[in-house]
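Visitor: I'll drop the sequence and a predicted model, then ask my questions.
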Amino acid sequence: MRLCLRCAWNHLPRSYVLSYASRTTTSVSPSIEGTPPVRIDYPRTGKSGARRFVPSWRQLLGLGGLGVTLAVAAFAYLYVTIDVPKPNDQALQQSTVLYYADGRTELGRFGGANRTSIPLAQMPINTRHSVLAAEDHQFYEHGGVSITGIARAFWNNVMGGSQQGGSTITQQLVKNYYLTQDRTITRKVNEFIVSVKIEQELSKDQILEDYLNTIYFGRGAYGLESAARAYFGVHASQLTTAQGAVLASIIRSPGGYSPENHLDKLKGRWATTLDAQTTLGWLTPVQRAGLVFPKILPRQPASRTGGPAGYLVAYVKAELDRQGFSQDDLNNQGLRVTTTFDKNAEAAAINAVNTQRPTKNAKGVRMGLASINPQTGGIVAMYGGADYGRPQFSNDATQSIAQAGSTFKPFTLVAALENGITLDSTWDGHSPRTFVKPDGSGTYTVPNFGGESFGRITLAKATASSVNTVFVDVENQPQVGPSKVVDAARRAGVPDDVAIADNLTATLGTASPTALDMAAAYATFASGGLHTTPTSLAKVVGSNGGLLYELQPKPTRTIDQDVVANVDIALQGVVTQGSGFRAQGLGRPAAGKTGTTNNNVSAWFVGYTPQLATAVNMFKPTPDGKSNQSMRGVGSSDPNHAVTGGGFPAAVWTAYTKSALKDQKVLPFPTPSVPATSASPSATPTQSLTPSPTPSSSPTPSPSPTPSVSPSVPPSSSPTPSPSPSVPAGATPARAPVRSRALAPADGILAPGGSRSGAAP
């Protein structure tokens, strides 16, 4: 039935007259088409005393109706004028989570809020019921706001009970997701209106999902997934009924119900939450009776970048940046990064360094370890230092540099084998020896380590015993030369920013690479001559699960397979009968090379199996961190004790590799199809200015009748020796031990349609 405004006006009581003191009447509205003006009888005529000021029932009814009309009009106005805002920045922030190679075990995270959004389907139904029972059991029944809840909270607050907000789950979502935490009337009005509006735009399930991904659970955890990890160390989908009830109970007051400070209060609310579920029919009495309060993990430090793992997290972050992911991507977009780091191998690396490193007179000594899968280039493990949270100069695996020493000799071996020199060719191993420089500019004198002389030995034996004089002689051959040694090192994988002297010192390792540089170079040997750029990234997906990047290794042949197979033979001899004998403890075929530099400023062992290539270095920075100092006496009570690569570094390498390859199949090294034997072309003799001394008491016999390629007969005219100092075992001018540089992006692809900032790889 329609009721026009005029008819409604005409039906209002006409006896209302405003009279005050003089009893005059006051018109409060004009007449309509001759109708007498409406007058309000207040204070009421015909009454005396205080009764004059008591409104009649008609007046109360009229005022009530007017109030309702005004409220409806105000709501309609606000509903039309207030729009649903965009989600606030805090609500959208998700930290980037890094996982070990298994894709499940978290390595660390960085970025904005500690939040990982997941779909509602991954949130257990019992956990959802716990949240509804604790926060809003009528959620699926109301329209976004609960008048009874607001009234109940208001009455409780007025009567002095505990403070209650009266907010529904929808209102809490609006406050956290769309608005702010301000306690103002304006914000509450906006919260009310927006709550009603989003109930019209979103399904109840979507609202609940957004809420459970947004709400704060304490311990720095936003959202159910992060809370499940923080309190129980599991994914949200794995939460038990008892665990889910704990998290639901914390929502009301994360600080007031923290297990660290208020465990009894938390247990009480947990019981109340479960009892409410039983009352609502979501749990049977039998199920409720069988639940016990679950064990909660100790709270972890706020910083997740401490300890050795911090170096891994920092390295991955830098590599993501090199691959083109912006800071906004890393800090806010909730990337899920699967790294190449193997959890067990990383634990093995940390344990090996901690148990095998020197302890006596070892203050200030540092060790770096880098281990690579030669087939993919993936960095399997890394030891950059004991604690990323403590100041130190750099990551000892990827930034700290140290003279490589004799670990560079295999590159000379590659150059020699590629140019017709064989493993069974014989050489003069006496010490010291003086050589005419390739450009004829003077001479160069070099001793063996400890001044030891070896007599005439094969190149294979010279490799096993790391004989300096033989390798300088090989490098000095006309068909080899320093430039080809440098080229072999580059092709193996030593980066261009590692300065390598193009002279006779190159083979002695005067260059200063990082542990990762050398692991990558020896990984080329382990893969049969195929080089792959080292990387720590296996896969990157967005917060919605979309693939953004995936590693696709692209091995490039840089050294002939038969040449590498002969290098394998020579470097296996280092382990079986040479300076790397400690590596025999591995219990499987292994190849490697020790490195010990002049005055003991560094020591190395770099070795490999067909499955793994690992470099371990050891050095002692000066107090200012700009160079390295002698390690003589380290690990011993003898101040003159010499530290060698076959000592602590080889022990660390062996302990690590044995554990990392545990339960993996024992693989043999490949056999060369064309062995580099004495049938190969002979090298051209080099000039040696030092006549061969009388053979030592225990010279090494030559197993080959092939004439020596470095006769000791001096030339008819000997140039005057230059004042160049003797450089034993790889001395080099002082150089800062830390290098920060941008590596080339690893081989990988952006997924089709993937979106990210920055340049493509």
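Guide: Yes, it's here. Numbers count the residues shown, from 1 in each chain.
Visitor: would you list the phi and psi of the residue nearest in space to the middle of the chain?
Guide: Nearest to the geometric centre of the chain sits residue 313, at 2.9 Å (CA atoms, centre = their mean). With angles defined as degrees, to the nearest 10, residue 313 sits at phi -60, psi -50.
Visitor: correct me, but it touches residue 98?
Guide: Yes. Look at residue 313 against residue 98 with CB atoms under 8 Å: they come within range, at 6.1 Å. From N, CA and C alone the C-beta is placed, and that goes for glycine too.
Visitor: quick check: residue 115 vs residue 198, distance?
Guide: 20 Å (CB to CB, to the nearest Å).
Visitor: these two: which is more packed in?
Guide: residue 115 (27 against 19; other CB atoms under 10 Å).
Visitor: for residue 245, see how far away that one is.
Guide: 22 Å.
Visitor: likewise residue 619?
Guide: Here residue 619 is placed at a distance of 54 Å from residue 245 (CB to CB).
Visitor: more crowded one of the two?
Guide: Using other CB under 10 Å as the criterion, residue 619 and residue 245 rank with residue 245 on top: 30 against 27.
Visitor: could you check the pLDDT of that one?
Guide: You'll see residue 245 listed with a pLDDT of 96.
Visitor: hmm, residue 667 and residue 568 touching each other?
Guide: No. Assessed by CB under 8 Å, residue 568 is found out of contact with residue 667, at 11.8 Å.
Visitor: neighbour count for those two, which is higher?
Guide: A direct count of neighbours by other CB under 10 Å for residue 568 and residue 667 places residue 568 higher, at 23 against 12.
Visitor: from residue 417, how far out is the more buried one?
Guide: Residue 568 is 11 Å from residue 417, where distance means CB to CB.
Visitor: likewise for residue 306?
Guide: From residue 306 over to residue 417 the distance is 46 Å, taken as CB to CB.
Visitor: looking at those two, which is more packed in?
Guide: Neighbours around residue 306 and residue 417, counted as other CB under 10 Å, are more numerous at residue 417. The numbers are 25 against 14.
Visitor: just to check, the more buried one is in contact with residue 569?
Guide: No. Counting by CB under 8 Å, residue 417 stays clear of residue 569, with 10.3 Å between them.
Visitor: quickly list what's touching both of those two.
Guide: Listed as contacting both residue 417 and residue 569 by CB atoms under 8 Å, 6 or more residues apart in numbering are residue 423.
Visitor: helix or strand for residue 463, which one?
Guide: Element membership for residue 463, per DSSP states H and E: helix 459-464.
Visitor: what's the next secondary structure element after that helix?
Guide: Using DSSP H and E, the helix or strand that follows helix 459-464 in sequence is helix 468-475.
Visitor: how about residues contacting that following helix?
Guide: Residues from elsewhere that reach helix 468-475 (CB under 8 Å, 6+ apart): 406, 409, 412-413, 415-416, 421, 427-433, 435, 444, 446-449, 454, 457, 459, 462, 480-482, 485, 504, 506-508, 683, 686, 688, 709-710, 728-729.
Visitor: what about the residues you listed, which are in strands?
Guide: Of the contacts of helix 468-475, the ones assigned to strands by DSSP state E are 427-428, 433, 435, 444, 446, 457.
Visitor: and stretch 242-249, how far out from the chain's middle?
Guide: Relative to its chain's centre, stretch 242-249 lies at 30 Å (CA atoms, centre = their mean, to the nearest Å).
Visitor: please apply the same query to stretch 266-285.
Guide: Offset of stretch 266-285 from its chain centre (CA atoms, centre = their mean): 40 Å.
Visitor: then it to CSV, C-alphas only?
Guide: Backbone C-alpha positions of stretch 266-285 (Å, rounded to 0.1, in the frame of the first residue of the first chain) are rendered in CSV as follows:
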residue,chain,number,x,y,z
LEU,A,266,46.9,-20.0,26.6
LYS,A,267,46.1,-23.4,27.9
GLY,A,268,42.9,-22.1,29.5
ARG,A,269,41.7,-20.4,26.3
TRP,A,270,42.7,-23.5,24.3
ALA,A,271,40.4,-25.6,26.4
THR,A,272,37.6,-23.0,26.0
THR,A,273,38.0,-23.0,22.2
LEU,A,274,37.7,-26.8,22.0
ASP,A,275,34.7,-26.8,24.4
ALA,A,276,33.0,-24.3,22.1
GLN,A,277,33.6,-26.6,19.1
THR,A,278,32.0,-29.4,21.0
THR,A,279,29.0,-27.3,21.9
LEU,A,280,28.6,-26.2,18.2
GLY,A,281,28.8,-29.9,17.1
TRP,A,282,32.2,-29.6,15.4
LEU,A,283,33.8,-32.0,17.8
THR,A,284,32.3,-35.0,19.5
PRO,A,285,32.7,-35.4,23.3
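Visitor: contacts for it, please.
Guide: Contacts of stretch 266-285 (CB under 8 Å, 6+ apart): 126, 129-130, 133-134, 137, 241-242, 245-246, 248-250, 252, 257-259, 287-288, 291, 293.
Visitor: and the buried ones among the residues you listed, selectable in ChimeraX?
Guide: Selecting the buried subset of these in ChimeraX, with 16 or more other CB atoms under 10 Å as the burial test, is done by:
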select :126,129,130,133,134,137,241,242,245,246,248,249,250,257,258,259,288,291,293
